[in-house]
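Participant: need a 3D model of the following:
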Amino acid sequence: MRDFDVIVVGGGHAGVEAASAAARMGRLVAMVVLDPAAIGRMSCNPAIGGIAKGQLVREVDALGGEMALVTDATGIQFRMLNTSKGPAVRSPRAQCDRAAYNRVMAARVQSRPGLTVLAGEAVAIERAGGDAPRVAGVRLADGTLLQAPAVVLTTGTFLAGKLFAGPWEAPGGRYDEAPATAMAASLRDLGIRLGRHKTGTPPRLHRDSIDWAVCQIQPGDDPPQPFSFRTRELRVEQMPCWLTRTTPATHAIIAANAHRSPMFSGRIRGTGPRYCPSVEDKVVRFADQDSHPIFLEPEGRDAIEVYPNGISTSLPADVQTQFLRTIPGLEQAEILRPGYAVEYDYILTDQLRADLQVGSLRGLFAAGQINGTSGYEEAAGQGLIAGINAARFARGEEPIVIDRATAYLGVMIDDLCRVNPTEPYRMFTSRAEFRLLLRSDNADRRLHALAERLGLIDTATADSVRDKETRIHGAIAALEQQRRDGRTLVEWLRRPEVTTAELLAWSPEFANLSLSVSELAEVEAEIKYAGYVQRQALEVERLRRMEDKRIPEAFDYDAIPGLCSEARNRLAQRRPLTLGEASRVAGVRPADVQLLLVRLSAR
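Facilitator: Just a heads-up that it's a prediction; the model follows:
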């Protein structure tokens with residue numbers, strides 16, 4: 001007897017995507033959360049997307065996920081970043097109404113067929129008896145045992161979480177929310193190795209106490225482009241963000257009080273994110289800089305809170321007040337809640353497989369900050385993949401592994417599995433070798449076939465993507481047939497200075513195709529970068545021949561003569577799913593990979 005197919009522990013961005021994906025695939029899912037009203041809560045900044053992060057969200061959306069749809073429903077400002085650069089690095093970003101995002105996401109999760117939300121604290125992973133270690137379910141603090149063959153842990157910053165601000169410290173995963181201390185102990189009892197990371201948040205400011213006149217306005221795009229491929233049109237009154245900067249006086253106050261930060265006094269042991277450091281870390285590490293940008297982001301249409309992006313801190317509250325007084329526009333700023341740091345446990349990722357299963361315990365999956373990452377978008381992407389594979393594991397099906405050439409999701413998970421992050425991992429376009437193939441605008445075309453096969457999207461959505469594909473290929477074919485001054489319009493568009501806007505004026509036939517703005521951008525990218533894309537595609541095919549070679553679950557590494565003992569031990573412990581994954585396991589040499597390839601080919 002079993003209660004559920006999949007149990008998801010946690011209701012943050014990873015948890016909602018994991019639970020929703022498994023439920024869309026027809027599994028019976030339980031989501032265990034301390035507070036159902038907190039499902040989908042934005043713990044830090046009120047924004048979704050950004051450089052490379054926007055690509056992740058578009059990929060989650062292409063696989064039927066929730067994040068982009070809820071962003072479109074609750075967004076207050078939409079921007080496409082890097083528009084002056086090539087299409088490979090353009091990324092969507094949106095400011096959201098924090099309270100509305102939380103409310104809409106919670107409602108979507110709680111109304112999902114097949115998904116049951118349970119209020120309670122998950123304190124232990126139950127292990128089944130027998131020779132092969134595997135999951136039996138989850139035990140709650142009140143003694144209830146929930147049974148399931150697959151469990152997804154999405155504990156965010158709550159796993160043995162502790163909050164810090166100056167001399168003050170308290171247990172917690174978020175301000176005024178209790179940590180998951182018992183679950184951390186349970187994982188250690190199961191032999192799972194844990195590390196320690198740290199993140200932080202800035203003080204929240206009262207909007208009416210800010211002098212907006214001395215700040216630089218940052219408007220949204222006009223017209224705004226939807227985040228989700230399933231949103232046909234955005235009709236939204238956009239709100240501006242604003243820019244100000246720290247000053248030498250700000251830095252002097254912070255430097256003089258840095259010793260009062262728990263990060264510098266040694267009370268915080270965890271490593272913080274390199275690319276989103278606290279303001280005291282920036283002042284100490286970059287002493288040659290006398291100014292850093294601060295983006296003032298409204299937390300909602302009717303919210304009084306403003307999020308000052310760029311000054312996360314764990315300095316004492318009195319020091320936070322002092323340094324704010326030296327920042328243009330914030331001289332009279334009222335702090336509604338001081339900034340603080342949170343330190344938490346995460347799983348050392350050399351224990352993860354490419355399906356996000358913890359290799360030492362069959363049926364246990366992990367996603368989000370518990371895997372050493374930072375960011376809502378990274379968490380959502382992992383949650384989606386973990387939810388898919390937990391759903392498949394529950395029915396005895398083979399896991400889905402997305403490779404580096406198919407999606408940023410594959411890049412991120414492969415990066416995590418190859419090496420233990422020494423700091424919270426963040427996605428960047430530079431991490432993707434094939435980023436020209438993995439643009440934010442073509443995520444639906446790249447992934448809809450997989451999404452349809454897995455039951456993550458409905459037929460109407462899949463048909464819509466196929467129609468889009470037909471329109472784009474038809475437009476390219478039309479441009480190949482039409483000529484101007486002896487050249488085809490495709491040849492004209494390959495010139496850097498020529499755009500599809502000019503072709504629309506030159507060719508009534510092309511204009512009559514009535515492509516959307518995003519489809520015109522895809523046509524332009526496909527034509528202008530065709531040579532680069534073809535070269536990348538050839539390299540992808542070469543790598544996939546190795547990457548896609550599957551290794552059976554019960555493969556006997558001891559039966560391979562010549563395999564070095566370190567490789568044998570690490571491979572037997574890790575149980576990689578593909579030859580490509582095996583090649584990236586620490587201690588496995590190229591010679592070992594060749595021996596594996598010969599053995600697998602013989603089978």
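
Participant: wait, isn't Pro46 in contact with Leu296?
Facilitator: No - if you go by CB atoms under 8 Å, Pro46 and Leu296 don't touch, sitting 11.6 Å apart. For the C-beta atoms, the positions are set from N, CA and C on the backbone; glycine is no exception.

Participant: list residues touching both of the two?
Facilitator: Taking CB atoms under 8 Å, 6 or more residues apart in numbering as the criterion, Pro46 and Leu296 both touch Tyr307.

Participant: residues touching the residue nearest the centre of the chain, list them.
Facilitator: Note on the chain: the residue nearest the mean C-alpha position is Glu378, at 1.5 Å, using CA atoms, centre = their mean. For Glu378, the contact set (CB under 8 Å, 6+ apart) comprises Lys53, Leu56, Gly368, Met412, Tyr425, Arg426, Met427.

Participant: what mean pLDDT does whichever strand or helix holds it have?
Facilitator: Per DSSP states H and E: Glu378 is located in helix 376-394. Throughout helix 376-394, pLDDT has a mean value of 98.

Participant: isn't Cys44 up against Arg204?
Facilitator: No - Cys44 lies out of contact with Arg204 (CB under 8 Å); the separation is 10.9 Å.

Participant: the helix or strand containing Asp318: what's the following helix or strand?
Facilitator: Using DSSP H and E, the element containing Asp318 is helix 317-324. Next in sequence after helix 317-324, counting helices and strands by DSSP H and E, comes strand 335-337.

Participant: report the mean confidence score over the helix or strand just after that next one.
Facilitator: Following strand 335-337 in sequence order, the next helix or strand is strand 340-347 (DSSP H and E). Strand 340-347 shows a mean pLDDT of 96.

Participant: give me the domain ranges for this protein.
Facilitator: Domains of the chain are assigned by automatic domain parsing as 6-198+345-453, 458-536, 549-602.

Participant: how about the ones you listed in TSV, adding distance to Pro262?
Facilitator: Listed next are the domains of the chain as TSV, based on distance: least, CB to CB, whole Å:
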stretch	distance to Pro262
domain 6-198+345-453	4
domain 458-536	46
domain 549-602	33
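
Participant: ok, of those, where does mean pLDDT dip lowest?
Facilitator: Per-stretch mean pLDDT for the domains of the chain is lowest at domain 549-602 (a mean of 83).

Participant: which strand or helix spans the closest residue to Pro576 other than its chain neighbours?
Facilitator: Nearest residue to Pro576, sequence neighbours excluded (CB to CB, 6 or more residues apart in numbering): Ala582, at 4.2 Å. For Ala582, the element it lies in under DSSP H and E is helix 579-583.

Participant: next, the buried residues of the longest helix seen in the chain.
Facilitator: In the chain, taking DSSP state H as the definition, the longest helix is helix 459-481. Judged by neighbour count (16 or more other CB atoms under 10 Å), helix 459-481 contains these buried residues: Thr461, Ala462, Ser464, Val465, Lys468, Arg471, Ile472, Ala475, Ile476, Ala478, Leu479.

Participant: roughly how far is the very next helix or strand once past it from the heart of the chain?
Facilitator: Beyond helix 459-481 in the direction of the C-terminus, DSSP H and E gives the next helix or strand as strand 483-484. Computed by CA atoms, centre = their mean, to the nearest Å, the chain-centroid distance of strand 483-484 equals 45 Å.

Participant: residues contacting the next helix or strand after strand 483-484, please?
Facilitator: Per DSSP H and E, the first helix or strand lying C-terminal to strand 483-484 is strand 487-488. Strand 487-488 is contacted by residues Leu479, Glu480, Gln481, Gln482 when judged by CB under 8 Å, 6+ apart.

Participant: could you check the angle whichever strand or helix holds Asn102 makes with helix 376-394?
Facilitator: Here Asn102, judged by DSSP H and E, is contained in helix 98-110. Taking axes from the mean of the first three to the mean of the last three CA atoms, to 10 degrees, one finds helix 98-110 and helix 376-394 inclined to each other by 10 degrees.

Participant: surely Glu524 touches Thr500?
Facilitator: Yes - contact criterion CB under 8 Å: Glu524 and Thr500 qualify, at 4.9 Å.

Participant: where does the nearest residue to Cys215 once chain neighbours are set aside fall, phi/psi-wise?
Facilitator: Leaving aside its sequence neighbours, Cys215 sits nearest to Trp242 (CB to CB, 6+ apart; 4.0 Å). Dihedral pair for Trp242: phi -140, psi 150, per degrees, to the nearest 10.

Participant: run through the bridge partners of Trp242.
Facilitator: Counting by DSSP bridges, Trp242 is bridged to Ile217, Leu296.

Participant: how about Thr199?
Facilitator: Thr199 has these beta-bridge partners by DSSP bridges: Val342.

Participant: for it, what are its contacts?
Facilitator: Cys44, Thr157, Gly272, Pro273, Cys276, Ser312, Ala341, Val342, Tyr344, Gln369, Ser374, Pro424.

Participant: what's around Gly580, how many residues?
Facilitator: Neighbour count of Gly580, defined by other CB atoms under 10 Å: 22.

Participant: contact partners for Ser507?
Facilitator: Taking CB under 8 Å, 6+ apart as the test, what Ser507 contacts is Ala478, Leu479, Gln482, Leu489.
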